[in-house]
Structure formats: C-alpha cells, structure tokens
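> below: sequence and its predicted model.
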Amino acid sequence: MKLGIVLKTVGLLLMVFSLTQLPPVLVDIIYAEQQYGYFLISLFVTLGSGLFLWLAFRGFKEDFRIREGILVVVSFWFVLSSFATIPFLLSDALQMSLSDAFFESMSGLTTTGATVISGLDTLPKAILYYRQQLQWLGGMGIIVLALAILPMLGVGGMDLYNAETSSISKDRLMPKLAQTAKVLWLIYIGFTFACALGYYLAGMNAFDAIGHSYATVAIGGFSTHDASIGYFDSVAIEAVAVVFMFLAGINFSLHFFVWRKKHINHYYQDSEFKTYTVFLSCLIVIISLYLMQTGQYQSTFEAFRYGIFQSISMATTTGFASSDFSQWAFVLPVLLIFASFVGGCAGSTGGGIKVVRVLLMFKFAAKEIKKFIHPNAQINIKLNKRSVSENTLVSVWGFFSLYVIAFVLIMVALMFTGLDQVSSFSATAASINNLGPALGKVAINYSEISDSAKWILSFSMLLGRLEILTLMALLHKTFWCF
C-alpha cells in the first residue's frame, strides 16, 4: 500500500475543497448576517490541513493502483465530511453537537437529504446556502470534480474514477479522464442553471431558486424551508422540480450522447431509460389513483398533483416533499419507501440499487424460469441489444447480496439503539438509498434519535453513496495485505 500518494492526494483535494467556503462568505456579505467569520475559519483550517499533507508527501510520485484509489475515495469522503462540519459547529445560530454536525455534512455530501435541523426558515442565509452547496458538490461526486484538476498537478486519476463510479455503466465519454469529468460537469452546471431559472420564473426568489436548483439537480432534497417544496404551494414550482428530478435521475452519459448526436432517439433506444420511465409512470398511476380512492384529496387534479410529485421525488431518491406523505394511507408511504430501493439510473445523481441492476435481476430471474421449463435451451440476457456477460451478472448479484446483508445489519444496529421497527427499517432505507425522508420517529427529521444512531446512519449514507462495494472492499482483511 502506497500511503504517501494517498495522503498527498487527500491533501490536494482538501485544498480544492477549502475554496468552496468562499461562496457562503459572499452570501453573508450580501445579507449582512455576520456569519462570514465561521466560513473563513473553515477555509483556513481546511486549506492549512491540506497544504500540510501535500507538503509532507509531495515527493511521492508513484502511480495509483486500485487499492490506493479505493482508499483515497473512502478516506476523502470521511475527511471531507469531517471538515465540512466546521461552520455547523461554530455557528451560534445552530449550536450543534459533533454528532449532529457530522450527520448533517455527511447527509449533504452524499445527497441523502436527511437533516437534524429544524427552524430552517429563520436560519442565516449563509448557513442555508452552505447546506445546499454541499449537496450540489456531492451530486456528481467531489472526486469527479477533482479529476479535472488533478492531472494538471501531476496526479493520475483513472483508479480514483473506477473506485468512485462502481456502477455498471462506466462509459467514458471522452478519450481522457479529465475531459470526461469536464464534460459531465458542464452538463451538470447547465442543468443547474436551467433549473434555477425555471424556479425563478415559477415564482421563487433568487436565493431559493439557486438553493433548490442545487438540491434538485443533485437529487439531494435539502430545502431552505422546513416545509420543503410544500412551503411554496405552487403547481408551477412543483412542475419545474418534477422535470429536473426526472432528468437528473437519467444516466448523464445518455444526456451527453443525445446532446452530441443532437437526436432524442438515444433516450428511447436505451433499455434502462425505458425501464426507468415505465417504472415511474406505473408508480404515479398507482399512487394517484389510491389517493383518489381513499379521498385523501378533494379533486382528481389534487390527487395527481401530489401523486406525481411525491412519486418522482421518492423514486429518484430526491426526497423533496410537497405534502406530508407520511400521513397518507399507510400502504402509500411504505410503497414510496420501497420505490427508493430502485432509485435512479446508473451514472445519474440518484441513489438506490439503480434501475439497470434491477432490470438485469429481473431478466436473470426470467432466464432461470425459462431454463427450468427448457433445461437445454441457450438463453442470452441482452441489454441495449447486446449480450450481458456472466461476469456482469455475477457482479450484480454480488452487489445485491452485500446490499441485503448491509441493510439487515444496519437495521438491527438501529433497533439496538432503541428505535422501533418502522423507524429503523425506513431510516435504513432512507440512508442507504440516499433518500432522506423516512417514517415513524424520523418522519419529520432525525434530531430526536440517539447519537449512536446518527453515527450508524452516517456510515449507511456513505455506504450507499459509494454503492457498497468500494467501502466493503476497504473493510475486507485482504485489502490491507501489503
């Protein structure tokens, strides 16, 4: 294990992250709420720590291997979340404990959207902006952002990219990794700008429009108001959110190919996109019709309005709320939680198992049924008209096995902290799927649970953000065999 290159890289990434403390300073200057000092302290502490690591190990020139890549990714997410707590800990407006601050920063950077903060409407604007910005940075992955910069600093990044994007779809859009990162971020920034403009034209003020565009495109779910999107009670704002939540849940590689080829047919030709669209459509119909049948809302329009919004918000793992869905007929909140297990497409900013994995598992199950009926038949599983290799299928089932094992262990651990079964199950689903909203004691926020439960859920968020395999590899004893 070449720890020198790992520590040098973490130092470089910390120095880059320290610059993200400047926008909240600007926001505080605009609103004159005397919060800028906390962010300047955070900037200098983060920058100084990164500089110290880089200077101490700048002489290491070795190339990355996959183990170093995994260690950098996992350690950086943990280190980044730790340094991101500084403004939360220092702010007099919050008065947060270390457990709460770490939970909030981890939730932001992993785009989970679970929060321990109440009274958002009265918090200083710089703090609110900072929370939204954490989600925006985490949306595409801070490592991918850094890949556009690290080659200029003499640090290669292919193994970082492989460790960060452990999903099935890892198509490189451009010949060089740095170019790939830049293309992805240009698309990401373009969506963010368009979303902010849409929110502004729909009736949000500039601050709320920017903040909510960060969380929407990142599929994060943080809001600047306790009531989330429901605060605005606007059909136009909800429509903008629905469009961009849907777009952010699609593989960003697919967006790029559509843009480059200038033809929308690439969407319709993609098996994962078609499954994603059908799944969301079916969920919307089921939720909306059940809301009508139970009389939850007075009109068909209202039932479909809230059914469409909440279905897409939960299924894409965004976690915005236009109403308190936990108070709906009990089957609906549970169904929405289960929808988050599917999540967004591979290569999107969404969480969950990912649509393509679920699709392949269904195809594999269908294949086994056919082989049971026709034992000698040769049946190939195809995706986008191409046969899927056995190695890919083994990887999918390996991921799912680890996912189930991790889910059960986390849920049981939460129950040992004193949480009831419903709260434990939904909190585990909300954290490992990077969803945010849950049921039971954590339906509103997570402030009432114990510190031990918050640390368990923080680990679960990171596990979900890195799609399990990366973090589990680090915990395996053979990883540390030098």
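Arrived safely, thanks for sending.
> what's the domain layout of the protein?
As given by automatic domain parsing, the domain ranges for the chain are 3-176, 390-480.
> which of those sits closest to Ile373?
With distances scored as CB to CB, the stretch of the domains of the chain nearest to Ile373 is domain 390-480 (19.8 Å). All C-beta spots, glycine's among them, are computed from the backbone N, C-alpha and C.
> rank the domains of the chain by mean pLDDT and give me the bottom one.
For the domains of the chain, mean pLDDT drops lowest on domain 3-176, to a mean of 82.
> picking up where we left off before, any chance of the domains of the chain in JSON lines, plus mean neighbour count and distance to Tyr297?
Formatted as JSON lines, these follow (neighbours: other CB atoms under 10 Å; distance: least, CB to CB, whole Å):
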{"stretch": "domain 3-176", "mean neighbour count": "20", "distance to Tyr297": "25"}
{"stretch": "domain 390-480", "mean neighbour count": "19", "distance to Tyr297": "19"}
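> can I get those domains in CSV with distance to Ser234?
Formatted as CSV, those follow (distance: least, CB to CB, whole Å):
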stretch, distance to Ser234
domain 3-176, 17
domain 390-480, 20
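> what about the strands in this protein?
382-383, 386-387 (DSSP state E).
> closest to Val242 out of the ones you listed?
Closest among the strands of the chain, once you apply CB to CB, is strand 382-383, at 27.4 Å.
> ok so, going back, need the strands of the chain in JSON lines (columns: mean pLDDT, mean neighbour count and distance to Phe372).
Output for the strands of the chain, formatted as JSON lines (pLDDT from 0 to 100; neighbours: other CB atoms under 10 Å; distance: least, CB to CB, whole Å):
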{"stretch": "strand 382-383", "mean pLDDT": "84", "mean neighbour count": "14", "distance to Phe372": "20"}
{"stretch": "strand 386-387", "mean pLDDT": "85", "mean neighbour count": "10", "distance to Phe372": "21"}
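> show me what contacts Asp208?
Counting by CB atoms under 8 Å, 6 or more residues apart in numbering, Asp208 touches 199, 224-225.
> any chance of CSV for the strands of the chain, columns distance to Leu186?
CSV is the format used below for the strands of the chain (distance: least, CB to CB, whole Å):
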stretch, distance to Leu186
strand 382-383, 27
strand 386-387, 28
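> of these, which is nearest Ser348?
With CB to CB as the measure, strand 382-383 is the member of those nearest Ser348 (16.6 Å).
> partner strands of that closest one and their direction?
strand 386-387 (antiparallel) (DSSP bridges).
> count the residues that sit near Lys370.
Here the number of neighbours of Lys370 (other CB atoms under 10 Å) works out to 12.
> verify the contact between it and Ala377 for me.
Yes - Lys370 lies in contact with Ala377 (CB atoms under 8 Å); the separation is 6.3 Å.
> can you name the residues that contact the closest residue to Pro124 other than its chain neighbours?
Nearest non-adjacent residue to Pro124, counting by CB to CB, 6 or more residues apart in numbering: Glu33, 4.2 Å away. Contacts here follow CB under 8 Å, 6+ apart; on that basis Glu33 touches 124-126.
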